[in-house]
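> test case, fold it:
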Amino acid sequence: MRRRDLVVFGGIVALIYGLRALPWDRLAGRGPRYVFLADLPPFRRLESGGPTSGATLALVGLDPASGDADVRRARADAMRADPCPALFGAGGAQDLVPIAYFSEFRCPYCRALERDLNTLIAEYPASFRLVQHELPIFGPPSELAARASIAAARQGKQQELRRRFMRTPLVAEEASVLRVAADIGLDVDRLTRDMASPEVQTDLDRTRALADVFGFVGTPGLVIGRTVLNGAIPYALLRRIAEDETSMAVPVC
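Predicted coordinates:
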């Protein structure tokens, strides 16, 4: 193929991908439609689909029934009255739209969604803040990794530890968790104590109660400002919902 033909071909490819990237739903006056959750103001979901999302229900893990259903139900009932402090945390920048993200280290859809969330936040660095919630639903190895993640947050290295876990097969025993922790410079003795602490257990219990309140039967789960989503969604839809949220007042609640 001649040089001129290559240039023309490259231009055509670029045009096609450029046209695909345009917000056609917005240009045509269409976009996501929402319905508010009557029992959870001010939250809403996409108009079509299941209990929390109209997106493709790509998720992992139906959470097994708790061994103490009454205690779990009581926690969820107490959380329902005012979920916002636990959902979005205290002390975050109140002029940013919060994104509460519920994940499980063994969930392949979570890995893909995390890449999209990183892209979104990099694209709009002054618009969003991410609040991490660990929702281990695949037994002891998942809970071990979740405890390490929560404990690492107390040393300011939660996301660094999570990225290491996400790049490698799930660490299945404490020795491998601590090896990764030492590699990234965490105080391993402190991490070990924190992982077994009542505070970390309280954090896990709080996240489970939030998941029950918002109907997250698997991972990933998202609450972007006011919009509740359970399952993986395409980046274009994630971005459009996020842009819709930035057009609304913050704080959310």
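> what residue is smack in the middle of the chain?
Tyr101 (2.2 Å; Cα atoms, centre = their mean).
> okay, and the beta partners of that residue?
Gln132, Leu222 (DSSP bridges).
> ok, now which ones touch it?
Under the criterion of Cβ atoms under 8 Å, 6 or more residues apart in numbering, the neighbours of Tyr101 are Leu113, Glu114, Leu117, Leu130, Val131, Gln132, His133, Pro220, Gly221, Leu222. To be clear about C-beta, it is placed using only N, CA and C from the backbone, and glycine gets the same treatment.
> ok, of the residues you listed, which one's closest to Cys84?
Val131 (10.9 Å; Cβ to Cβ).
> so who does the closest one touch?
Counted by Cβ under 8 Å, 6+ apart, Val131 has contacts Leu87, Phe88, Gly89, Gly92, Pro98, Ile99, Ala100, Tyr101.
> so who does Arg206 touch?
So Arg206 contacts Arg75, Met79, Ala86 (Cβ under 8 Å, 6+ apart).
> that one: what secondary structure?
Reducing the assignment at Arg206 to three states with DSSP: H, G, I helix; E, B strand; the rest coil gives helix.
> gap between it and Gly89?
Plainly put, Arg206 is 11 Å away from Gly89 if you go by Cβ to Cβ, to the nearest Å.
> can you check Pro141 too?
Counting by Cβ to Cβ, the gap from Pro141 to Gly89 is 26 Å.
> with Asp82 instead?
For Asp82, the distance to Gly89 equals 14 Å [Cβ to Cβ].
> more neighbours: those two, which one.
Gly89 (14 against 10; other Cβ atoms under 10 Å).
> and the more buried one, what pLDDT?
Among the per-residue scores, Gly89 holds a pLDDT of 90.
> residues touching it, list them.
Per Cβ under 8 Å, 6+ apart, neighbours of Gly89: Pro98, Val131.
> repeat that for the one 4 residues further on.
Each residue near Ala93 by Cβ under 8 Å, 6+ apart is listed here: Arg129.
> what about it, which helix or strand?
Using DSSP states H and E, Ala93 sits in no helix or strand.
> and Arg162, by the same measure?
Assessed by DSSP H and E, Arg162 sits inside helix 158-167.
> tell me which other helices or strands that helix touches.
The helices and strands touching helix 158-167, judged by 3 or more Cβ pairs under 8 Å, 6 or more residues apart in numbering; DSSP states H and E, are strand 128-134, helix 140-153, helix 174-183.
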